[in-house]
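[1] sequence below, structure please.
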Amino acid sequence: MIKLQIIGNLGKDCIVKEVNGKNVINFSVAHTERYKDSQGNQKDRTTWVECAYWTDRTAVAQYLTKGRTVYAEGSPEADAYMNKEGQASATLRMRVQNVQLLGNNGNAEGGANQGNVSHAGSSASPVAKAASADDDLPF
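    The predicted structure follows:
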């Protein structure tokens, strides 16, 4: 399995859809890297990742809003295509398996919107998964 991990900001509010009876949360994450070119000029390079998070726990969607900093991990996909100018281009996509909210979303709400919130797959949380697996142990 190839795993992609990204920390970045959401470019717009997420969209929740139902596809074939299953829920998917679509969102895009931007990561900007700063570097100096060969002439010593400061440059920014932004990479966008289009994310699809298939989950039955859509409550996290209310926090996936424009500007929010998130950590997401999952399986990557790349789609190559020709853009309007006839140049080769590509889109980076990820099927998200885990998403975590980092910090706050930049507004003054505070409270429950701050800190780390983890939602892994369609189960309650990684901690809950580990606890339920231990329940089957004979000791």
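[2] what comes up buried for stretch 13-20?
    Across stretch 13-20, burial judged by 16 or more other CB atoms under 10 Å covers 14, 16. Placement of C-beta: from N, CA and C, glycine included.
[3] average pLDDT for that stretch?
    Summarised as a single mean, pLDDT over stretch 13-20 is 94.
[4] output the helix or strand containing residue 23 in PDB with nothing but the alpha carbons.
    Using DSSP states H and E, residue 23 maps to strand 22-36. Taking Å, rounded to 0.1, in the frame of the first residue of the first chain, the C-alpha atoms of strand 22-36 are listed here in PDB:
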ATOM      1  CA  LYS A  22     -22.700   5.500   1.300                       C
ATOM      2  CA  ASN A  23     -21.600   8.900   2.500                       C
ATOM      3  CA  VAL A  24     -18.500  10.700   1.200                       C
ATOM      4  CA  ILE A  25     -17.000  14.000   2.400                       C
ATOM      5  CA  ASN A  26     -15.200  15.800  -0.400                       C
ATOM      6  CA  PHE A  27     -12.600  18.500   0.400                       C
ATOM      7  CA  SER A  28      -9.400  19.900  -1.000                       C
ATOM      8  CA  VAL A  29      -6.200  20.500   1.000                       C
ATOM      9  CA  ALA A  30      -3.500  23.000   0.000                       C
ATOM     10  CA  HIS A  31       0.100  22.700   1.200                       C
ATOM     11  CA  THR A  32       2.400  25.600   0.400                       C
ATOM     12  CA  GLU A  33       6.200  25.100   0.400                       C
ATOM     13  CA  ARG A  34       8.500  28.000   0.500                       C
ATOM     14  CA  TYR A  35      11.900  27.800  -1.200                       C
ATOM     15  CA  LYS A  36      14.600  29.900  -2.900                       C
END
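[5] give the next helix or strand downstream of it.
    Using DSSP H and E, the next helix or strand after strand 22-36 towards the C-terminus is strand 42-54.
[6] helices of this structure, start to end?
    Taking DSSP state H as the criterion, the chain carries its helices at 126-134.
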